[in-house]
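J.: based on what follows, work out the 3D shape:
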Amino acid sequence: MKIIIDARLYGLEHAGLGRYVMSLVESLKALDYENEYIVLLRRKYYEKLTFPKNWRKILFDFRHYTFGEQIFLPFVLYKNKPDIVHFPHFNVPILYFGKFVVTIHDTLMHRFVGGEATTLPWFFYLIRRIGYKIAFYKAVVESSAVIVPSKYVKRDVMSIYRINKNKVYVTYEGFDQSVFNWIYEKRANTILKNYGLKANEYFIYSGNAYPHKNLSRLVSAMTILNDKLKWKAKLAITTSRSIFLTRLKKDVSASRATEYVRLLGFVSEADYKVLLNHSIAFVFPSLSEGFGLPGVEAIASGTLLVCSDIPVFREVYGNHAIYFDANDEFDISRKMMRVIDLSTDKSTKRFSLIKGARKYALRYSWEKMAGETLLVYKKFASEKF
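T.: Numbers count the residues shown, from 1 in each chain. Alright, predicted model coming up:
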């Protein structure tokens with residue numbers, strides 16, 4: 001069986017999508033020595049990565065969502081004659097009519113529409129949205145199979161496109177198991193000091209600053225929370241630079257929360273693990289997600305999780321999170337206060353909650369996800385087109 005994986009999103013600079021592609025490729029490399037794989041890569045990783053004998057890499061240095069991708073990618077695919085192609089995102093070339101599977105991570109762009117969801121002028125936003133709709137329809141309807149990260153996304157996709165439920169496969173994501181091992185623990189105090197933080201005196205959020213992440217309400221909740229405390233609780237936010245981060249800075253200033261909120265920008269994985277482990281809790285106020293990997297990483301790392309009471313989080317985290325109404329900054333602050341009370345309580349309740357959550361997190365594994373994805377390849381590559 002010859003499998004092509006469009007791995008141009010490989011790399012942590014592509015956030016959650018990048019981590020998914022990296023974890024899929026690396027896990028399949030360790031899992032499958034029989035089938036033939038071809039990976040399409042941008043120049044940066046084409047030159048860096050090495051592969052086993054049954055793998056081959058092709059340089060395809062075109063960005064996603066471009067005319068170059070739409071025009072030239074089908075030629076590369078047809079030339080290599082795969083049994084199946086895996087597109088780990090919805091950007092399937094319109095002119096490719098071969099057999100493929102696609103991963104749909106969420107349906108956010110179906111839900112969040114309008115000026116706050118884009119940095120483009122309105123006219124160009126409308127053009128882009130039309131292209132998005134066409135590409136998404138092609139990806140879902142014409143694929144042999146749709147892979148999704150949760151049952152919630154499966155229901156969402158099926159309700160929008162009315163496709164057969166047997167075409168949609170749930171493969172839960174995993175997390176970096178190294179969060180259980182604290183190689184840099186001896187440097188923890190130094191790392192915290194570098195960011196102006198003290199252990200167990202701050203909450204943390206990590207991820208994009210997109211509008212649906214609901215960070216403006218979280219900032220407001222921090223102001224409400226600190227009005228009730230004798231000491232000042234901090235909120236550390238790690239996120240990459242973008243126009244949305246600029247907007248967030250304005251929200252922090254408008255909420256008079258500059259004393260409480262630390263915008264750390266991008267931090268290394270080693271530093272992030274320490275920041276996570278020594279936080280009061282990870283706060284995840286998102287209004288919509290496809291899976292919620294940062295929350296899984298948080299409970300696996302040994303901190304508490306406080307998050308939005310939305311269906312996908314209930315599905316993924318179960319009883320191992322403290323939930324709040326994401327549309328109510330007062331409820332967010334109340335649940336954060338509850339976590340602070342747990343941290344100052346002399347009982348072992350916090351320790352017990354963390355211990356149970358870490359055990360629960362072990363059900364999620366990139367290796368398991370890759371194995372389930374391989375079964376999808378095998379099922380549909382062997383079927384007649």
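
J.: low-confidence regions, the stretch 251-385 of the chain specifically.
T.: Residue ranges of the stretch 251-385 of the chain with pLDDT under 70: 346, 383-385.

J.: again, only using 90
T.: Within the stretch 251-385 of the chain, the stretches with pLDDT under 90 are 251-259, 265-273, 342-349, 382-385.

J.: please enumerate the helices of it.
T.: Using DSSP state H, counting those that start in this stretch, the helices of the stretch 251-385 of the chain run over 269-277, 293-301, 311-317, 329-344, 349-361, 366-381.

J.: how about the helices of the stretch 1-150 of the chain, start to end?
T.: Ranges of helices in the stretch 1-150 of the chain, per DSSP H, counting those that start in this stretch, are 15-31, 43-48, 67-80, 108-111, 122-141.

J.: ok, which of the helices of the stretch 251-385 of the chain comes nearest Lys230?
T.: Across the helices of the stretch 251-385 of the chain, Lys230 has its closest neighbour in helix 329-344 (11.2 Å, CB to CB). Glycine gets a C-beta too; all of them are placed from N, C-alpha and C.

J.: need the contact partners of the closest one.
T.: 200, 203, 217-218, 220-222, 224-225, 228-229, 233, 280-281, 283, 285, 304, 306, 322-326, 349-350, 353 (CB atoms under 8 Å, 6 or more residues apart in numbering).

J.: what residues of that helix count as buried?
T.: Within helix 329-344, the residues that count as buried by 16 or more other CB atoms under 10 Å are 329, 331-337, 339-340, 342.

J.: how about those residues in a markdown table, adding distance to Val296?
T.: A markdown table is the format used below for these (distance: CB to CB, whole Å):
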| residue | distance to Val296 |
| --- | --- |
| Glu329 | 25 |
| Asp331 | 23 |
| Ile332 | 20 |
| Ser333 | 24 |
| Arg334 | 24 |
| Lys335 | 19 |
| Met336 | 20 |
| Met337 | 24 |
| Val339 | 18 |
| Ile340 | 23 |
| Leu342 | 20 |
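
J.: now the closest residue to Arg19 other than its chain neighbours: how far from Ser23?
T.: Distances taken as CB to CB, 6 or more residues apart in numbering place Leu12 nearest to Arg19, at 6.3 Å, with adjacent residues excluded. Distance of Leu12 to Ser23, given as CB to CB, to the nearest Å: 11 Å.

J.: neighbour-wise, which of those two wins?
T.: Neighbour comparison, Leu12 and Ser23: the larger count goes to Ser23, with 20 against 12 (by other CB atoms under 10 Å).

J.: list the residues that contact the closest residue to that one other than its chain neighbours.
T.: Spatially, and ignoring its direct neighbours in sequence, Ser23 is nearest to Trp366 (4.0 Å; CB to CB, 6+ apart). Residues near Trp366 by CB under 8 Å, 6+ apart: 23-24, 26-27, 173-175.

J.: ok, so of the residues you listed, who is nearest Gly371?
T.: Each of those was checked against Gly371 using CB to CB; the closest is Ser27, at 7.9 Å.

J.: count of residues packed around the residue lying closest to that closest one once chain neighbours are set aside?
T.: Counting by CB to CB, 6+ apart, Ala370 is the residue found nearest to Ser27 once chain neighbours are left out, at 3.4 Å. Residues lying near Ala370 (other CB under 10 Å) number 22.

J.: next: Glu26.
T.: Per other CB under 10 Å, the neighbour tally for Glu26 reads 15.

J.: list the contacts for it?
T.: Glu26 makes contacts with Trp366, as judged by CB under 8 Å, 6+ apart.

J.: that one and Asp32, how far apart?
T.: According to CB to CB, Glu26 stands 12 Å off from Asp32.

J.: repeat for Arg56
T.: 14 Å.

J.: those two: which is more packed in?
T.: The neighbour count for Arg56 versus Asp32, taken as other CB under 10 Å, is higher for Asp32 (20 against 13).

J.: run through the residues that contact the residue lying closest to the more buried one once chain neighbours are set aside.
T.: Spatial nearest neighbour of Asp32, excluding adjacent residues (CB to CB, 6+ apart): Leu374 at 6.0 Å. Contact analysis of Leu374 by CB under 8 Å, 6+ apart lists 28, 31-32.

J.: please repeat the previous calculation with a cut-off of 10 Å.
T.: 1, 3, 24, 27-28, 31-32, 35 (CB atoms under 10 Å, 6 or more residues apart in numbering).

J.: correct me, but Asn208 touches Gly16?
T.: Yes: counting by CB atoms under 10 Å, Gly16 is a contact partner of Asn208 at 8.5 Å.

J.: in stretch 228-240, what counts as buried?
T.: Residues 233-239 are the ones in stretch 228-240 that count as buried (16+ other CB under 10 Å).

J.: likewise for stretch 86-102?
T.: Quick answer for stretch 86-102 (16+ other CB under 10 Å): 86-93, 96, 98-102.

J.: with stretch 305-323 instead?
T.: Buried-residue list, stretch 305-323, by 16+ other CB under 10 Å: 305-308, 310, 312-313, 315-317, 320-323.

J.: farthest-apart pair in those, please.
T.: Val306 and Glu315, at 17.2 Å, using CB to CB across the buried residues of stretch 305-323.

J.: that's all I had, so thanks and see you.
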